[in-house]
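Asks: Sequence and predicted model, in that order:
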Amino acid sequence: MEAFVSAVNDVVWSSALIYLCLGAGLFYSVLTRFAQVRHFKEMCKLLLTSNRSTTGISSFQALAVSLSGRVGVGNIAGVAAAIGFGGPGAIFWMWVVAFLGASTAYAESTLGQIYKTEEDGQYRGGPAYYFDRCLEQKWLGILFAVSAIIACGVFLPGVQANAVGNAFTQVFGNGEMVTTSFGEVGTFKLVALAIILIVLAFIIFGGIKRIANFTQIVVPFMALGYIVLALIVVFLNVDKVPGIFSLIISDAFTAQAGFGAAIGWGVKRGIYSNEAGQGTGPHAAAAAEVDHPAQQGLVQAFSVYVDTIFVCTATALMILITQQYNVVGELPAGQFIVQNVDAATEVGSAAFTQMALFSVFGGFGEAFVGVALFFFAFTTILAYYYIAETNVAYLNRYFKGSMPLLIVKLVIMFMVAYGMVNNSGYIWSIGDIGVGLMAWINIVGILAIFFVAKPALNCLRDFEEQKKAGGEITFDPIKLGIKNATFWEKRLADKAKEKSNQSQ
């Protein structure tokens, strides 16, 4: 099974997808005139906007839900794996994919807002919706919805849950070992599993509001705490910082692990971490209550910076400054290009990060990584559920019934249990396949949308013109020639009717 999963992963994550991700980011960066740089101040301002309603959530809550999916195992274990397999130069390519990917995140999240709908008292949107409404290709919408449900409901939760279990064990130990069909499992891990399943069930049966209320508290707190510890490590070793940045940049082009390994692992782990172009961010973006779709697009572009430029860089600097890492060569198998720590240390785990903080803060640092990983991974599982739920809601318009959503909830809880107790090495590869499937469909789709209608670009220009003119920000899709934006058409009609009634 492991060999089969690895073979599928190699096909999905071929060099074609890697360069497609970079190319799409560059494409939208040029067309938006690098909006991710020009509107940085506006991004920060929009985060403070508190628009919300009984139907939607605020921009900050949408950012928190989105970040709960972006800030996860990839920021801690994923960065360690990128360095371990791709060398320090992989971090440079993570930066590149984040910088370019911010424009992709703007485009896909703006599309999510433009073509969102109101269903059962909640805002819904995402790639399935904009493929259906903009491209008028229902089959593509259905294809993405199915792939998202499989990826977020089956493939990806196991990666996060496995990290949660390991984090809990790291902090509290194993306890008495119990023999199961998956091997020996510690009783403390089983207790953690029971707690997680109870809390998870309470939250996912409460809908997007409950998810948003939970993540808006946990994600910023843990991310900030994690970055503060990283800054302390950097401050205590400030003399090494110039050399570390020089190592990252030089190794990006003359990589010890090979140029292909550096760019491949950097882009793969970068996309796994920040999700730009993957098609997951637009689901949370569509749930936000905003005056103009471009506003939430810019907020989601900022989330890519938070994830990769801040959190991933924090992890990388800690590992590289303390030299708590190895770099594995491809051939011969098992050979180390760089070996600073025990050869038995698992490269694809959070071990490098834990060892880095342990070398500075002792047991507290190691425990903090465990706790941070616990919360990052748990909130990511919540984000995966919301994405799966949204795509089930999309499919319900064609395949009626309440049973599919209940099945998704039960499957996610099963996969959390499976991932928690299973130590199989192919779990990361399964997760990569899920990410790759959605990325292929979404990136090809949003590029096709540009050539068909250019809605995200027209939306940005309209927002910029209104900001320059001053006054109330509104969105009129009909004026911009955007078809099938029924939510915004109805909102505009309702406002016109309200003004007419007030004038009488």
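Replies: Right, received. Where do you want to start?
Asks: Now do the strands in the stretch 301-450 of the chain.
Replies: Using DSSP state E, counting those that start in this stretch, the strands of the stretch 301-450 of the chain run over 326-328, 336-339.
Asks: Just name the shakiest helix or strand of this protein by mean pLDDT.
Replies: helix 59-70 (a mean of 61; mean pLDDT, DSSP states H and E).
Asks: picking that back up, the strands of the stretch 301-450 of the chain: which one's closest to residue 157?
Replies: With Cβ to Cβ as the criterion, residue 157 lies closest to strand 326-328 of the strands of the stretch 301-450 of the chain, at 27.1 Å. For every residue, glycine as well, the C-beta is placed using N, CA and C.
Asks: helices or strands next to the closest one in the packing?
Replies: The elements that strand 326-328 packs onto, with contact taken as 3 or more Cβ pairs under 8 Å, 6 or more residues apart in numbering; DSSP states H and E, are helix 79-86, strand 336-339.
Asks: for these, which one ends up most surrounded?
Replies: Most buried of the helices and strands packed on strand 326-328, by mean neighbour count (mean count of other Cβ atoms under 10 Å): helix 79-86, with a mean of 29.
Asks: Run a quick neighbour tally on the closest residue to residue 310 other than its chain neighbours.
Replies: Counting by Cβ to Cβ, 6 or more residues apart in numbering, residue 227 is the residue found nearest to residue 310 once chain neighbours are left out, at 5.9 Å. Residue 227: 16 surrounding residues under other Cβ atoms under 10 Å.
Asks: Now residue 227: which helix or strand?
Replies: Using DSSP states H and E, residue 227 falls within helix 207-236.
Asks: Next SSE downstream of that helix?
Replies: Following helix 207-236 in sequence, per DSSP H and E, is helix 241-253.
Asks: ok, back up a step: can you redo the strands of the stretch 301-450 of the chain as CSV with mean pLDDT and distance to residue 43?
Replies: Conversion of these to CSV gives the following (pLDDT from 0 to 100; distance: least, Cβ to Cβ, whole Å):
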stretch, mean pLDDT, distance to residue 43
strand 326-328, 82, 35
strand 336-339, 78, 37
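Asks: Select, out of those strands, the one closest to residue 96.
Replies: Closest among those, using Cβ to Cβ: strand 326-328, at 19.7 Å.
Asks: now the strands of the stretch 301-450 of the chain in JSON lines, with distance to residue 270?
Replies: Formatted as JSON lines, the strands of the stretch 301-450 of the chain follow (distance: least, Cβ to Cβ, whole Å):
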{"stretch": "strand 326-328", "distance to residue 270": "18"}
{"stretch": "strand 336-339", "distance to residue 270": "21"}
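Asks: which sections of the stretch 401-504 of the chain are below the confidence cut-off?
Replies: In the predicted model, the stretch 401-504 of the chain carries pLDDT under 70 at residues 401-402, 423-428, 452-453, 502-504.
Asks: in the stretch 1-150 of the chain, which spans are strands?
Replies: Using DSSP E, counting those that start in this stretch, strands in the stretch 1-150 of the chain cover 117-119, 122-124.
Asks: Name the strands paired with the last one and say parallel or antiparallel.
Replies: So that's strand 122-124. With DSSP bridges as the test, strand 122-124 is paired with strand 117-119 (antiparallel).
Asks: for this protein, which helix is longest?
Replies: Of all the elements of type helix in the chain, the one with the most residues (DSSP state H) is helix 363-395.
Asks: That helix: which residues count as buried?
Replies: Applying a neighbour-count criterion of 16 or more other Cβ atoms under 10 Å, one finds 365-395 buried in helix 363-395.
Asks: again, but for stretch 315-331
Replies: If you call a residue buried by 16+ other Cβ under 10 Å, then stretch 315-331 has these buried ones: 315-322, 324-329.
Asks: swap in stretch 442-459?
Replies: Within stretch 442-459, the residues that count as buried by 16+ other Cβ under 10 Å are 442-443, 445-447, 449-450, 453-459.
Asks: re earlier: quick one, grab the pLDDT at the residue nearest to residue 310.
Replies: pLDDT recorded at residue 227 is 80.
Asks: tell me the average confidence for the longest helix of the chain?
Replies: 82.
Asks: how far out from the middle of the chain is it?
Replies: Mean C-alpha position of helix 363-395 versus that of the full chain (Cα atoms, centre = their mean, to the nearest Å) differs by 10 Å.
Asks: in what helix or strand does the nearest residue to residue 377 once chain neighbours are set aside lie?
Replies: Nearest residue to residue 377, sequence neighbours excluded (Cβ to Cβ, 6+ apart): residue 160, at 4.0 Å. Using DSSP H and E, residue 160 maps to helix 157-172.
Asks: C-terminal to that helix, what's the next element?
Replies: Counting by DSSP H and E, what follows helix 157-172 is strand 177-180.
Asks: Contacts for that next one, please.
Replies: Contacts of strand 177-180 with the rest of the structure, by Cβ atoms under 8 Å, 6 or more residues apart in numbering, involve 184, 185, 186, 187, 190, 421.
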